[in-house]
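In: Build me a structure from this.
(chains A, B and C)
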Amino acid sequence: MNGAIDAARLADLLARLRARKPRVHCLLNTVVQERVADGLTALGAVPSMTSSPEEVAEFAARADALLVNLGTLTAERRQATETGVQAARAAGRPWVLDPVKCDVSAVRLAFARKLLAERPTIVKANEAERAVIEALDETAMIETGAADRLRLGDRALTLHNGHPWLAAVTGTGCLAGALVAGFAAVEADPLAAGAAGLAVLGIAAERAAERARGPGSFAVELLDALALLEPADLHQSLRIDHAGA
Amino acid sequence: MNGAIDAARLADLLARLRARKPRVHCLLNTVVQERVADGLTALGAVPSMTSSPEEVAEFAARADALLVNLGTLTAERRQATETGVQAARAAGRPWVLDPVKCDVSAVRLAFARKLLAERPTIVKANEAERAVIEALDETAMIETGAADRLRLGDRALTLHNGHPWLAAVTGTGCLAGALVAGFAAVEADPLAAGAAGLAVLGIAAERAAERARGPGSFAVELLDALALLEPADLHQSLRIDHAGA
Amino acid sequence: MNGAIDAARLADLLARLRARKPRVHCLLNTVVQERVADGLTALGAVPSMTSSPEEVAEFAARADALLVNLGTLTAERRQATETGVQAARAAGRPWVLDPVKCDVSAVRLAFARKLLAERPTIVKANEAERAVIEALDETAMIETGAADRLRLGDRALTLHNGHPWLAAVTGTGCLAGALVAGFAAVEADPLAAGAAGLAVLGIAAERAAERARGPGSFAVELLDALALLEPADLHQSLRIDHAGA
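Out: As a prediction, this is how the structure comes out:
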């Protein structure tokens, strides 16, 4: 009943996101707040970013999806995150967990595990982070890398879009998590939402790399490419493998 | 005695700002600190940004103007803001209030109202924020939108410069508030200072849009345009209506 | 035994940094975290940025060098900085102190002096900051300005690379400190590491200015230039004077 996850489906999701302009509340590290806000806006979503424990419930409850990113994690943001997750769950909103560098910090790993028990809609992690965490069956798991692997229960797929320069710009992984949250606001199947977020970022990166000279111009072109991306670009450029049981 | 607010007046203010290089202390959300600092610097002002309660009095007292922006508002920044406003008032400095999203957060709205009673020189708000706050008569009120409306007592004017891409880049509204604060440092009439800040941003945006492909390149070109803007550009491009009693 | 500090030496350090990809942990003001992270990454180093007191020991101990930047200094970041410096010292890692605007804030100046007693490997300061602090003999002192002066004991040198537009972009001084920390991770002589960091930034700025129209495009081109800089560029463009006892 989830339907095929192919270029037509993802192209439709891009059109739906642009029409709905979902609000994505981001509990995010302080390093890349501007870049992630710009990326969400460029694609067509509406970001908000407060991590104040006393404000987060109102913002998260009014948003269409919540991103929880554990970079530069403070005790205050842990508190705000717990409040925000409860507000999002109470409002029936999807939420995405990006357990940034939970393989380096013990307190961050413990907090990531606590959040995983709250059943995030989607977890996005790189290989090192993925190696130290486990999600419950109802959570979709995205493992990013040279290829991006997505799994939910016995469904799985692999995406091959992207460009090495994504790794030369700080925060593109954080932006991936935010875009996935944006698509989760307009698509109930977490696997399709995850695929859409990674596909638009990967294809935009390919377009941007054609025009860039280095990481500075690539970051600029990436925002332009996200704004200029059309559903037809997904038909033309999506590289997806279906695999798994 | 305030004189006409026209292109010649605003062109003179731009020249005066460049000559005086006013320091603007910004109590600002964490999302767009870099963009606002870059924008102030590009135009010719000098930003400082600490929101530490123990440091803010020294910075605010030495600055030529203070910006109070309520985005991503924490309890610590509320405390710093109260200290900073007192320091600015004691030093006789102008200060600008930007009550970001006070229509969404109850604690932020209560704090905005408390600050309004302290008689900010200028308030800059969008339509949704404006709908939930009232300023005292001695405060100039700027309501931004498709056109920007400014009012102080029975004086009023409307500015029509700008470009839709300003809304596609995070923090351009916050930058508007900072530029207004910069002009308030060199011009005692709050209505003229407000008009100068919005006019230079709007005209720079028009110039930037001529060279940009999307929101990424627009943000870059906007900084270049602020730096390259000349008094003559105000004569050529200012679109202003005088209205009100 | 330290060897000459000349273009060949600095070119070798650039190649070494690119090969080793040192991790630099940055305890940094909130304004320019993205720009500094992008600059380190563009050159070939790996940034991390958490200032959480409970996380900093793990990050600093795993890093190859530590940057302590006192901009937007809060009580929480002072606490994290003390922990981070102890972790770096215990692990035998070099650390760089950038006492941003310690000439403006009394609490910042007192904290800078406390840190100076902990014997940073290198201090980087502008003239106003330098005027209010003293380093111990075993600390290399960099004073930035129209020319950059470096001194360690009775050794001294002056670098003349750079471009006025560096002052038109927020955070390029902070980036200089971070690049110096990156080189300190791959070079035991603090004077050579300091010279390498300032030289690559200054030469990259010269390259960027050739392609830029204003401060927005200059900031973009600067990141591209850091990524594209080759050891041969140091041979071609380094302007260094040896002076002192």
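In: would residue A:39 count as being in a strand?
Out: No: read with DSSP: H, G, I helix; E, B strand; the rest coil, residue A:39 is helix and lies in no strand.
In: Isn't it up against residue A:179?
Out: Yes: counting by Cβ atoms under 8 Å, residue A:39 does reach residue A:179; the two are 6.9 Å apart. For glycine as for every other residue, the C-beta is placed from the backbone atoms N, C-alpha and C.
In: anything in contact with each of those two?
Out: Residues within reach of residue A:39 and of residue A:179 at once, by Cβ atoms under 8 Å, 6 or more residues apart in numbering or on different chains: there are none.
In: what about residue A:10, how many neighbours?
Out: If you count neighbours by other Cβ atoms under 10 Å in any protein chain shown, residue A:10 ends up with 27.
In: Tell me the spacing between it and residue C:188.
Out: Separation of residue A:10 from residue C:188 (Cβ to Cβ, to the nearest Å): 52 Å.
In: what do you get for residue A:103?
Out: Residue A:103 sits 30 Å away from residue C:188, going by Cβ to Cβ.
In: likewise residue A:145?
Out: 35 Å.
In: Enumerate the residues of chain A near chain B.
Out: A:30, A:33-34, A:37-38, A:41-42, A:47-52, A:54-55, A:58-59, A:62, A:76, A:219-228 (Cβ under 8 Å from any Cβ of the partner chain).
In: So how do I select the buried members of these in PyMOL?
Out: The following PyMOL line selects those of the residues of chain A next to chain B that are buried, judged by 16 or more other Cβ atoms under 10 Å in any protein chain shown:
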select buried, chain A and resi 30+33+34+37+38+41+42+47+48+49+50+51+52+54+55+58+59+76+219+220+221+222+223+224+225+226+227+228
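In: Return the subset of the residues of chain A next to chain B lying in strands.
Out: Using DSSP state E, the members of the residues of chain A next to chain B that fall in strands are A:47-48.
In: so what's the residue nearest the centre of chain A closest to, chain neighbours aside?
Out: By Cα atoms, centre = their mean, chain A has its centre lying nearest to residue A:177, at 1.8 Å. Distances taken as Cβ to Cβ, 6 or more residues apart in numbering or on different chains place residue A:98 nearest to residue A:177, at 3.8 Å, with adjacent residues excluded.
In: Would you mind giving the secondary structure of the nearest residue to residue A:195 once chain neighbours are set aside?
Out: The shortest distance from residue A:195 to any non-neighbouring residue, by Cβ to Cβ, 6+ apart, is to residue A:5 (5.2 Å). Per three-state DSSP, the local secondary structure of residue A:5 is coil.
In: can you pull out the helices in chain A?
Out: Secondary structure of chain A (DSSP state H): helices located at A:7-20, A:33-43, A:56-62, A:75-90, A:106-116, A:127-130, A:172-184, A:190-211, A:215-228, A:231-237.
In: Now do the end-to-end distance for stretch A:110-121.
Out: Across its full length, stretch A:110-121 reaches 19 Å end to end, with Cα to Cα, to the nearest Å as the criterion.
In: residues near the closest residue in space to residue A:238 that isn't next to it in sequence, how many?
Out: In space, and not counting its chain neighbours, residue A:238 is closest to residue A:7: 4.4 Å by Cβ to Cβ, 6+ apart. Applying other Cβ under 10 Å, we find 19 residues neighbouring residue A:7.
In: looking at it, residue A:7 is touching residue A:239, isn't it?
Out: No: between residue A:7 and residue A:239 there is no contact under Cβ under 8 Å: 9.7 Å.
In: Enumerate the residues of chain A near chain C.
Out: Proximity of chain A to chain C, by Cβ under 8 Å from any Cβ, involves residues A:29-32, A:34-35, A:71-75, A:101, A:104-108, A:168-171, A:212-217, A:219-220.
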